[in-house]
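K.L.:
Fold the following and give me the result.
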Amino acid sequence: MSKLNYAFIVLLIIIFPINIFASSELVLDSSDNSALNALPEVGGRFMDVQTFAYRVAAVNNWSLIISSSVTESTREIKGKSIREVLNNYFNDSEFSWCLSNKCLYIASKKDLSDFFEVLPILKKKLPQGKSGVFSGNFTYIELSLLCRFLKSISGVNILPVDDLLHSNIMMRAQNMEWKHLVAAIVCLNRYQLNITDYSVLIGPPPIY
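P.N.:
Numbers count the residues shown, from 1 in each chain. As a prediction, the model looks like this:
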């Protein structure tokens, strides 16, 4: 069963494609709208989107997960609200953003779309483990260290392959369910999963 898990997830994405990004934003929880309409007080006029997103998340006490593929350059912050600034960062770009349940996600439009499609299925396929949430503020954290934290919370042996031991993840977690966090990191970075009843092995993206 473990060898088929990732292929099964990819097959679901192919069979049930969705397009949730007709615009450059997605807000899945209306309660987040007021925060998005606030002035972006981040203490600077020029910065890259990673720095902007991290400061905005800290001010609003949001979680934040940014794909390692996001490489937007430093630019002037333009907009009268957080929403406008984020949309301006990603105009005419393959990347986009989503705010859902007080977590800000930034990745390619396709990866975000695929993530929300397979999230419920992937969470069911992960080992049951112990219930628990994770909190931590990191500009960058090595994937191997994050996996150790999640293992201590879940009781599940979560580990990356050797090639990913020193891969860095930019994230900020505020009481995130461990299964949700694993799913987000895997999907938004296109990692592969090998799942058994008691373990989760995270592998590098497939080579096409």
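K.L.:
A strand includes Leu86, no?
P.N.:
No - under DSSP: H, G, I helix; E, B strand; the rest coil, Leu86 sits outside any strand and is assigned helix.
K.L.:
Chain neighbours aside, what residue packs nearest to it?
P.N.:
Excluding the flanking residues, the one nearest Leu86 by CB to CB, 6 or more residues apart in numbering is Trp97, at 5.0 Å. Placement of C-beta: from N, CA and C, glycine included.
K.L.:
helices or strands up against the one helix or strand the one you found maps to?
P.N.:
Here Trp97, judged by DSSP states H and E, is contained in strand 95-100. Counting by 3 or more CB pairs under 8 Å, 6 or more residues apart in numbering; DSSP states H and E, the packing neighbours recorded for strand 95-100 are strand 25-27, strand 103-108, helix 109-125.
K.L.:
Out of the ones you listed, name the one with the poorest average pLDDT.
P.N.:
Note on the helices and strands packed on strand 95-100: lowest mean pLDDT is at strand 25-27, with a mean of 55.
K.L.:
Give me the buried positions along the helix or strand following that strand.
P.N.:
Per DSSP H and E, strand 25-27 leads on to helix 33-36 as the next helix or strand towards the C-terminus. Buried residues in helix 33-36, counted by 16 or more other CB atoms under 10 Å: 35-36.
K.L.:
Quick check: what element follows helix 33-36 along the chain?
P.N.:
Next along the chain from helix 33-36, counting by DSSP H and E, comes strand 46-47.
K.L.:
partners of that following strand in the sheet?
P.N.:
strand 75-76 (antiparallel) (DSSP bridges).
K.L.:
who's in contact with the residue nearest the centre of the chain?
P.N.:
Central residue of the chain (CA atoms, centre = their mean): Ile65, 3.8 Å from the mean position. The neighbours of Ile65, taking CB atoms under 8 Å, 6 or more residues apart in numbering as the test, are 103-106, 169-171, 181, 184-185, 188.
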